[in-house]
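> from the sequence below, what's the structure:
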Amino acid sequence: MHNTIDQNRLRQIVFLVLITGLGILLFIELYSFLPAALGAATVYILLRKYMFYLTEKRRWRAGAAALLLMLVSLILILLPLWLLVDMLYDKVTYAVSHANEWIAAIKETISSFETRYNIELLSDENIARIGNTISTAVPKILGATFNGLTAIFFMYFILYFMFVSGRKMEKVLYDYIPLQDSNVERLEKEIHTMVFSNAVGIPIVAVAQGIVGLLGYWLIGVEEPFFWFGVTCIAGMLPVIGAALAYIPLTIIFLADGAIGQGIAMAIYGFGIIGTVDNILRFSLLRKIGDVHPLTTVFGVIIGLNLFGFIGLIFGPLLISMFNLLLRIYSSEFLPRQRGA
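This is a model prediction of the structure:
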């Protein structure tokens, strides 16, 4: 009897080692497709109820319903993002391709600024380093564009099969998660809440900052305010610094050109108005949508960007929330509290 138990346990251990090893190998080889898979999971979570409504209530064919929802997501999610990137792409590419001219202009501007205010901002060595960085940015921009298009293609490729096999996929996940049914439901609810909070809340915060910034840029007299509106929207999705990546450079440009009044106005409007909109919305709207703690959002985004790229804006905070939830689930499943203690 003991020999049988030991042999079964040994077989189980060997089998688990093989599964783990194969899983690690597959993860390493398919890691480049992870952002596409996470993007597909995000869109699926946001639109799954509409998929089930069309197929189960309206009796649509699964393939037709999937294609319709994919088209809707393409229009509502990717089209505005594509327009924003397209608005910035030509200007950024032009600036990078004329790096030497820009470096000379920057050097002259900084030299004038240092002479006027008797301070040192950048050394010649740092300026040269900036020039080298800019001159190598074009291949990176082109590579990022190609990688982004590839990720979008695979995202929708994966998303189609997730939509078509949604009920079956969820049942398999539900059966294989080694938790009580109540905790599986908690896990599902937490994932949905976090994905919705970040996928909807973060773009709303960024666009709101962009709109407020656009009004200020127009009033203060910023050249090409719509360009800086795009910069503000994209920067507003980033944690900690956020939209300051737009209004701080504008302030420096005004001061360097001798437009002291506009520079001061830009600094006051940026830190006082745009920054306030960021703080109010990021720490109130996001928490109201998903009851997400502000620190979870900030540190989650930082972690997510490093791990997953742009889609980490959503899944970074989700990782921290999942970690906290799993700790609570472990406590409820395996560490029952003593009554009356």
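> what average pLDDT does whichever strand or helix holds Leu22 get?
In the assignment (DSSP states H and E), Leu22 maps to helix 2-30. Per-residue pLDDT values over helix 2-30 give a mean of 81.
> how far is that helix from where the chain is centred?
Its chain's C-alpha centre lies 35 Å from the corresponding centre of helix 2-30 when counted by CA atoms, centre = their mean, to the nearest Å.
> before we move on, what about stretch 150-159?
When C-alpha coordinates are averaged (CA atoms, centre = their mean), stretch 150-159 and its chain have centres 17 Å apart.
> same check on stretch 257-264?
Chain-centre distance of stretch 257-264: 34 Å, with CA atoms, centre = their mean.
> residues near Glu188, how many?
For Glu188, the number of neighbouring residues by other CB atoms under 10 Å comes to 15. C-beta coordinates here come from the backbone N, C-alpha and C atoms, glycine included.
> state the helix or strand in which it lies.
In the assignment (DSSP H and E), Glu188 maps to helix 181-220.
> this structure: strands as residue ranges?
Assigned by DSSP state E, the strands in the chain number zero.
> ok, back up a step: which parts of the helix holding Glu188 are buried?
Neighbour-count burial for helix 181-220, counted by 16 or more other CB atoms under 10 Å, picks out 183-184, 186-187, 190-191, 193-203, 205-210, 212-214, 216-217, 220.
> for stretch 227-242, same thing?
For stretch 227-242, the buried set under the neighbour-count rule, 16+ other CB under 10 Å, comprises 227-239, 242.
> nearest to Ile320, of the residues you listed?
Pro239 (12.5 Å; CB to CB).
> check that closest one and give its pLDDT.
We have a pLDDT of 68 for Pro239.
> now stretch 40-48: mean pLDDT?
When pLDDT is averaged over stretch 40-48, the result is 89.
> picking that back up, now do the helix holding Glu188: which elements does it pack against?
Where contact means 3 or more CB pairs under 8 Å, 6 or more residues apart in numbering; DSSP states H and E, helix 181-220 is packed against helix 34-52, helix 225-236, helix 244-256, helix 260-269, helix 275-280, helix 286-290, helix 312-334.
> so how far is that helix off the chain centroid?
Offset of helix 181-220 from its chain centre (CA atoms, centre = their mean): 10 Å.
> now do that helix and helix 225-236, the angle between them.
Using axes from the mean of the first three to the mean of the last three CA atoms, to 10 degrees, the interaxial angle of helix 181-220 with respect to helix 225-236 works out to 150 degrees.
> output the below-cut-off pLDDT ranges for the stretch 151-300 of the chain.
Applying pLDDT under 70 to the stretch 151-300 of the chain picks out residues 239-240, 283, 286-294.
> one more pass at 50, please.
Screening the stretch 151-300 of the chain residue by residue with the criterion pLDDT under 50, one finds no matching range.
> same check on the stretch 1-150 of the chain?
137-138, 141-144.
> could you redo the last one with a cut-off of 70?
Judged by pLDDT under 70, the stretch 1-150 of the chain has its weakly predicted residues at 1-6, 84-148.
> of the buried residues of stretch 227-242, which pair is most distant in space?
By the measure CB to CB, those have their two most distant members at Phe227 and Pro239, which lie 23.1 Å apart.
> number of nearby residues for Thr55?
Residues lying near Thr55 (other CB under 10 Å) number 20.
> I'd say it and Leu68 touch.
No - no contact is recorded between Thr55 and Leu68 when judged using CB atoms under 8 Å, the distance being 10.9 Å.
> how big is the angle separating the helix holding Glu188 from helix 244-256?
Compare the direction of helix 181-220 with that of helix 244-256 by the same axes, to 10 degrees and you get 20 degrees.
> distance from the chain centre to stretch 295-303, please.
Here the centre of mass of C-alpha atoms in stretch 295-303, compared against the chain's by CA atoms, centre = their mean, lies 10 Å away.
> actually stretch 267-285, not the one I wrote
Averaging C-alpha coordinates over stretch 267-285 and over its chain gives two centres that are 20 Å apart (CA atoms, centre = their mean).
> Val184: what's it in contact with?
The contact partners of Val184, taken as CB atoms under 8 Å, 6 or more residues apart in numbering, are 174, 177.
> how far away is it from Glu170?
Taking CB to CB, to the nearest Å as the measure, Val184 and Glu170 are separated by 10 Å.
> what's the most buried one of the helices and strands packed on helix 181-220?
Between the helices and strands packed on helix 181-220, the one whose residues have the most neighbours on average, counting mean count of other CB atoms under 10 Å, is helix 225-236 (a mean of 22).
> so how far is that one from its chain's centroid?
Worked out by CA atoms, centre = their mean, helix 225-236 lies 16 Å from the chain centre.
> what does it contact?
Contacts of helix 225-236 (CB under 8 Å, 6+ apart): 84, 87-88, 91, 205-207, 209-211, 213-214, 217-218, 222, 241-247, 250, 274, 278.
> out of the buried residues of stretch 227-242, who's nearest Ser332?
Proximity to Ser332 was ranked across the buried residues of stretch 227-242 by CB to CB; first place goes to Pro239, at 31.4 Å.
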